[in-house]
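Visitor: my questions are about this predicted structure, shown below with the sequence.
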Amino acid sequence: MGTETLSVAGKASDRYPLALFSLTAGAFAIGMTEFVIMGLLPNVASDLGVSIPKAGQLITGYALGVAIGAPILAVATHKIPQKKLLSLLMLLFIVGNGIAAIAPNYAVLMGARLFTALAHGTFFGVGSILASNLVAPNRRAAAVSVMMAGLTVANIVGVPFGTFIGQHLGWRASFGAVVVMGIVTLIGILALIPDIRQQESSSALRQIRALLQPKLLVVLLAGAFGCSSLFVVFTYIAPLLQEVTGFAEHSVTWVLVLFGIGVTVGNIVGGKLADWKLMPTLIVGFASLAVILALLALVAESPVAAVLTIFVWGVATFAVLPGLQVRIMTLAKDAPALASTSNHSALNFGNAGGAFLGGTVITHSGLGTLPWAGALLSLLGCALAAVVFLWDRKGA
């Protein structure tokens with residue numbers, strides 16, 4: 001999208017505008033639909049007559065749908081005003097989840113997941129631009145973190161709630177609950193998001209050229225490595241906690257809730273730190289992840305130490321995201337929405353790649369070595385962030 005200007009009363013106020021929280025609600029709904037199926041794979045597999053590994057492809061397919069489809073949709077819709085585009089994306093989201101709720105077979109459910117995934121990255125991309133323009137310039141990262149808080153809260157509240165519904169009323173009811181959340185979000189967008197005066201949008205070619213800046217691509221790659229470091233471990237966190245740490249199956253849920261609380265704390269703190277010192281926050285964040293994951297590898301057999309480390313890991317993991325998003329938007333001034341959307345595309349490639357790499361590590365080295373692989377990926381992200389920092393210092 002082109003540069004946006006926004007006239008919102010109280011923009012410089014210390015209080016966040018109510019419109020920002022309608023974006024938070026949308027992030028919550030999207031986070032719920034992305035992750036809730038993880039707790040319902042046996043139910044889905046049994047009902048549709050497929051294996052659990054095949055049902056697991058519904059997660060991979062969604063991530064790849066975000067990764068591939070989001071930038072394409074961002075380019076195709078760059079001339080649509082932001083409020084209208086967010087409304088259309090939420091309608092797409094509602095329809096996709098509605099189809100998932102009534103899907104008669106695996107193929108239709110996969111199609112519905114892919115269709116819904118198109119809304120994911122573009123919603124976060126456009127929403128991040130809008131969130132940053134709803135507040136004063138020195139609070140942009142914090143505003144993005146408030147929107148992203150919906151995604152983190154979805155992991156603490158939405159996913160367990162959706163799993164509970166699915167286990168008691170059937171997995172289709174979980175998607176029905178997501179549809180309700182989507183409708184609430186759509187109403188909030190229509191009622192609360194202000195109309196935005198936009199300058200003429202950049203051409204699609206100019207936007208793509210802006211996206212292909214070498215420095216921007218390095219930042220996107222750093223984010224992909226960061227997400228890979230998360231998913232190389234988190235994808236297999238349940239068997240890791242049960243087989244290495246020794247937790248009972250029912251205890252794993254509470255450990256994951258604690259991780260989710262850490263994620264929420266890290267998201268808010270990371271936004272404030274990034275508004276203070278953006279690139280140093282990213283460098284320290286990636287370095288901290290490497291240290292924490294290495295520590296997890298060392299203490300994985302100690303339940304208390306492992307739980308504490310997992311909480312801190314959650315804090316560090318999401319502390320880098322708000323700053324990453326804002327840095328990408330500032331690098332691509334001619335295409336902030338496309339760049340922001342492409343960030344979520346890169347992150348989801350990282351998700352898929354991390355999950356694949358984790359499976360390979362388990363096959364060849366065992367569960368206990370997963371955190372070491374995550375630490376190495378975090379170090380690669382840290383190195384790339386340091387390159388960008390030095391690049392900035394040289395005025396490139």
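Guide: Yep, that arrived. Numbering: from 1, shown residues only.

Visitor: show me the domain layout of this protein.
Guide: As given by automatic domain parsing, the domain ranges for the chain are 15-201, 203-396.

Visitor: possible to save these as CSV with mean pLDDT?
Guide: Below are the domains of the chain laid out as CSV (pLDDT from 0 to 100):
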stretch, mean pLDDT
domain 15-201, 84
domain 203-396, 84
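
Visitor: need these in TSV (columns: mean neighbour count).
Guide: The way it works is simple: take the backbone N, C-alpha and C, and place the C-beta from them, glycine included. Listed next are the domains of the chain as TSV, based on neighbours: other Cβ atoms under 10 Å:
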stretch	mean neighbour count
domain 15-201	21
domain 203-396	20
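
Visitor: can you give me the strands in the protein?
Guide: 4-5, 197-198 (DSSP state E).

Visitor: how near is the nearest residue to Tyr236 once chain neighbours are set aside to Tyr16?
Guide: Excluding the flanking residues, the one nearest Tyr236 by Cβ to Cβ, 6 or more residues apart in numbering is Gly358, at 5.3 Å. Between Gly358 and Tyr16 the distance is 37 Å, computed by Cβ to Cβ, to the nearest Å.

Visitor: please apply the same query to Gly98.
Guide: Distance of Gly98 to Tyr16, given as Cβ to Cβ: 31 Å.

Visitor: what of Ala143?
Guide: Distance from Ala143 to Tyr16, by Cβ to Cβ: 7 Å.

Visitor: pull up the overlap in contacts between the two.
Guide: Leu134, Val135 (Cβ atoms under 8 Å, 6 or more residues apart in numbering).

Visitor: so what's the backbone phi/psi at His78?
Guide: Backbone geometry at His78, expressed as degrees, to the nearest 10, gives phi -70, psi -20.

Visitor: is it true that it touches Leu338?
Guide: Yes: using Cβ atoms under 8 Å, His78 is in contact with Leu338, at 6.8 Å.

Visitor: how close does the spatially closest residue to Gly65 that is not a sequence neighbour get to Phe124?
Guide: Nearest residue to Gly65, sequence neighbours excluded (Cβ to Cβ, 6+ apart): Ala117, at 2.9 Å. Distance of Ala117 to Phe124, computed by Cβ to Cβ: 12 Å.

Visitor: check Leu256 too.
Guide: Leu256 is 22 Å from Phe124, by Cβ to Cβ.

Visitor: can you check Ala385 too?
Guide: Distance from Ala385 to Phe124, by Cβ to Cβ: 21 Å.

Visitor: do Ala287 as well
Guide: The value you get for Ala287 to Phe124, if Cβ to Cβ is used, is 26 Å.

Visitor: ok, and the closest non-adjacent residue to Phe161?
Guide: Spatial nearest neighbour of Phe161, excluding adjacent residues (Cβ to Cβ, 6+ apart): Ala177 at 7.5 Å.

Visitor: ok, the one you found touching Thr163?
Guide: No: Ala177 is beyond contact range of Thr163, at 10.7 Å (criterion: Cβ under 8 Å).

Visitor: for Val50, phi and psi?
Guide: phi -120, psi 170.

Visitor: gap between it and Gly56?
Guide: Relative to Gly56, and taking Cβ to Cβ, Val50 is found at 10 Å.
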